[in-house]
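Colleague: what would the 3D arrangement of this be:
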Amino acid sequence: MTTPAMDSAETSHYPSALPEISKPNSESPRPSALPPYFRSYEAYIEHCMAKIGPEGVPEAAFDRLCASCAAAFKKIAESFVGGGRWEKRFPFCSVNDFLRSAAEGSCHVCHSFMAERLKCNVPSLGDLLGLESRDSGVDAHGHGDAALKIYVYLHDDFPRSGHLQVSIVGSRMVFAGFAIEARDENSSRVRGFPTSLNTASDGSWNQALKWINNCLSHPLCNPVQTANLQDKRPARLVAVGTIGETYVRICETSRDGCTKEPYMTLSHCWGKKGVPIRLLEENYAGFLNGIQLGELPNTFRDAIELTRKLEIPYIWIDSLCIIQDSPGDKDWIRESAKMQEIYRNSFLNLAAAASFDSNGGLFNRRYPLSVVPWSVRVAENVYLTKKYTSEYPGIRAQKKLILYTRGWVLQEQLLARRTLVFGQDELHWECSTCQASESFPDSHEYSTDEVPYNIFRPGWENLLKGKPVDSDRQKAWNRLISTYSRRSLTKPSDRLMAISGLAEHLSSRWSGITYLAGLWSYRLIHELLWHCGSCSQRNMEIAPSWSWASLQERQSIGPSGITMCEDLGWLDVLAEVLEAKVTPKARTSPFGPVACGGSIRLRSPVIRARITIEDKRHRRYNLALEDNCNLDTLILQDVDVKWDDIDDAKADMKDAYFAPFEIQAYDKHDLATLHGLVLLKTAVHLLPCKTQLRRAGYFTRYDDGVSSDNDSENSCHDDGSDSGRDDASDESFQGGMDNNSEDASVTSSKDHELRWERSFRKRKKQGLFRNFNSWFAEKIGDGLEERMNYLKKDPYVNGPPLNTTLENRYLTEPGKEFLPDFSKFFEAIARVAQNNKANGTPDPVLGMGEGNGYYTYEIV
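Modeller: Numbering: from 1, shown residues only. Predicted coordinates for the structure are as follows:
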């Protein structure tokens, strides 16, 4: 269906003249209090639905405008300019006219604006429409019905960037207007028009069938079955029977001859009170004989009916197919370890995304005009379309669809080859090839920039197929952890188990790389540099302190989110992993929970320092030496420390250890970043006679310093030849400083960039900085044998042998340093170690070390 144009012949949409704008005056009646249906979003939607017959909203209602909106958008069309910044207010209508139109629910724009504002839980009419009076529809002078305007703002790059805002405003701006995007008439993004008032409608079901049938032709969505063996199939399935039957039964796949039969799966929330019916030891025999449908909660019944309609004989539902009270949780451990195969080999996964518990069901009532974005033509070949803000997926979806706030669901979401999502507003589709919804039934494209903490199935699948690129595998996992860590778990002990299927899936595509309690052995020294958004609580019975999995959410704030350190530039690596050890709790679950005692043995620079707060709000600290060793006591200022555990953040850290791991520097930015870990000694050594520390946090520090103009490097190329062009540039820079302060500032900046480039280029040539991902890819080539041979020698991909020179590491000439702040810090580390060795006074935890600032130690 095409979008109506502004010159449409439907005069009811586009009147010939602007409506008369109500002028505030002392005789205007004061509006009555807001009616009940304007007091909440839910009440408003129910009011609109009650005005529509059972046949639903007609297609003609989409993009239909009231007289006020038609006149206003016609004026916008006449004033529209295609480029440059543009900001203007257009006459709209009175408050009462707008409320009347919104109450009728037939104008797509008025309805959308009212629905969006009510979602913000605004307390009064004044807040609703941006009026100065907070409890009536009058203006700031107390006069009658206030006039509203439409405010339009275009960004300089519109329509190329689609950056435009439309708001309905009163006396002041309402900052929850429409985000608008531009499209042309040939746009391939075709809207759908779900007209029904319920996602259980025939129209919704027919759309679901189209998605399923199309997906069956996708090569990526129909891989060869990988779980024909019984030990990879679920031990039990629910036999659904046929339409009209009043019971189902549990079947044992090893006995009932269903090892090759297709089955479906269900993703759902258990809810705060749990599922009302579960498979237990005491009812096991009875469930094999049959379960009455009436005994099952609504979500289970809906899922079973859909499975019957698709003529699939079985469905897997966790609470009915895993014995929930088996001794020692043996059945749960055994079946949970099969999650990768259970979901990957499911014919279709049904996601009860909007249901808070198993009684919520799959289907929901909805008002289509609240779901489908409107589109209005404002100029030739340009339409303004309300930006589609889907409830799934994205940052916003995490707040609206309860299912996707749950940690266990992530692997169900990514492993299932195809998923039909039952949202609050509409049905959604996700498979390995596309994502779609009833509003846009063909496909959506989601930018990862818009949803930085989410990973979706197409992205996960694309990163894992084809030739293994190690850096891509690492990025995929790190993005997954960012997504997963922002979701909740009922049991903190499930932290590793709930993504074990994803870990197993990735492991099968990543030759020679070992899984270590939530991290991977590929460039493990870099993997250790994660941090959490806010202080959490640590539980080392779940994982070692060096694993993000050891942190659990605080009850008061919920999940804090883990961010993995990105590799964005050239690295000077200062540390290496010598050995990493973890032991799975269960032999049958190698990617699941781990036993206590996991450790990593490292070799790196370390220094014990007194830490003092410089800026508590921004977590900035200063590091000082207790014994200055003939150095400045203050060795590093303005250090950004992100503590792991709330208790460590509150404590007085007199004996904190700082271990720098790497420095990242960038070709195009005259800036370098130091990354490392904050360590504390363990209260009790878990392993006798070994130096052990535990992780307490992560620290970073920036340095943009370079040597001065007189640096001898400034007159040389890397090969030692004279650089006439650079000298000329230097002269022009120096000459520019005599003009005015602005020119001097530009000159100074360019001079700084030039000196940085030269210094950095020389450090790269010396081998101090390298691109490790490119280096490793070149080192191993394309052959599997070469890869495996290298990983036998360097299983943690530490790279070339460490350069352990800390003192004068970046010296350009006497008294001049590249990265002077870092150089000062490294000098302090080396001098303290030398002083300890000379005096025969080893560090109480680290021992004597190598005498140059490097130590070998364990983190548990």
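
Colleague: got the residue ranges for the helices in the stretch 651-800 of the chain?
Modeller: Here the stretch 651-800 of the chain has its helices, by DSSP state H, counting those that start in this stretch, at 724-736, 741-765, 772-780, 784-793.

Colleague: kindly list the longest strand within this protein.
Modeller: Once the chain is assigned using DSSP state E, the strand that runs over the most residues is strand 692-703.

Colleague: pull out the buried positions in it.
Modeller: Neighbour-count burial for strand 692-703 flags 692, 693, 694, 695, 696, 697, 698, 699, 700, 701, 703 (criterion: 16 or more other Cβ atoms under 10 Å). C-beta coordinates here come from the backbone N, C-alpha and C atoms, glycine included.

Colleague: before we move on, what about stretch 529-542?
Modeller: Buried residues in stretch 529-542 (16+ other Cβ under 10 Å): 529, 530, 531, 532, 533, 535, 536, 537, 538, 539, 540, 542.

Colleague: and what of stretch 498-513?
Modeller: For stretch 498-513, the neighbour count (16+ other Cβ under 10 Å) marks 498-507, 510, 512-513 as buried.

Colleague: helix or strand right after the helix or strand that contains residue 601?
Modeller: According to DSSP states H and E, residue 601 maps onto strand 599-605. Using DSSP H and E, the helix or strand that follows strand 599-605 towards the C-terminus is strand 607-615.

Colleague: now the angle between strand 692-703 and that following strand, please.
Modeller: 50 degrees (axes from the mean of the first three to the mean of the last three Cα atoms, to 10 degrees).

Colleague: pull the residues that contact strand 607-615.
Modeller: 620-626, 635-638, 641, 653-658, 828-829, 832, 843, 845-846, 853 (Cβ atoms under 8 Å, 6 or more residues apart in numbering).

Colleague: which positions within it qualify as buried?
Modeller: For strand 607-615, the neighbour count (16+ other Cβ under 10 Å) marks 607, 608, 609, 610, 611 as buried.

Colleague: ok, stretch 757-775 next?
Modeller: 758, 759, 760, 762, 763, 764, 768, 769, 770, 771, 772, 773.

Colleague: and the fourth one, what's its pLDDT?
Modeller: In the prediction, the pLDDT value recorded for residue 762 is 78.

Colleague: tell me the spacing between it and residue 850.
Modeller: Per Cβ to Cβ, to the nearest Å, residue 762 is found 27 Å from residue 850.

Colleague: filter the contacts of strand 607-615 down to the buried ones.
Modeller: Applying 16+ other Cβ under 10 Å to the contacts of strand 607-615 flags 621-625, 635-636, 641, 653, 656-658, 828-829, 832, 843, 845-846, 853 as buried.

Colleague: give the contact list for residue 506.
Modeller: Contacts of residue 506 (Cβ under 8 Å, 6+ apart): 464, 473, 476, 477.

Colleague: which of those fall in helices?
Modeller: Applying DSSP state H to these, the entries found in helices are 464, 473, 476, 477.

Colleague: closest to residue 210 out of the buried residues of stretch 529-542?
Modeller: residue 533 (40.6 Å; Cβ to Cβ).

Colleague: can you pull the contacts of that closest one?
Modeller: By Cβ under 8 Å, 6+ apart, residue 533 lies in contact with 560, 561, 562, 563.

Colleague: now the first one: how far from residue 572?
Modeller: The gap separating residue 560 from residue 572 is 30 Å, by Cβ to Cβ.

Colleague: and the third one, by the same measure?
Modeller: Using Cβ to Cβ, we find residue 562 at a distance of 25 Å from residue 572.
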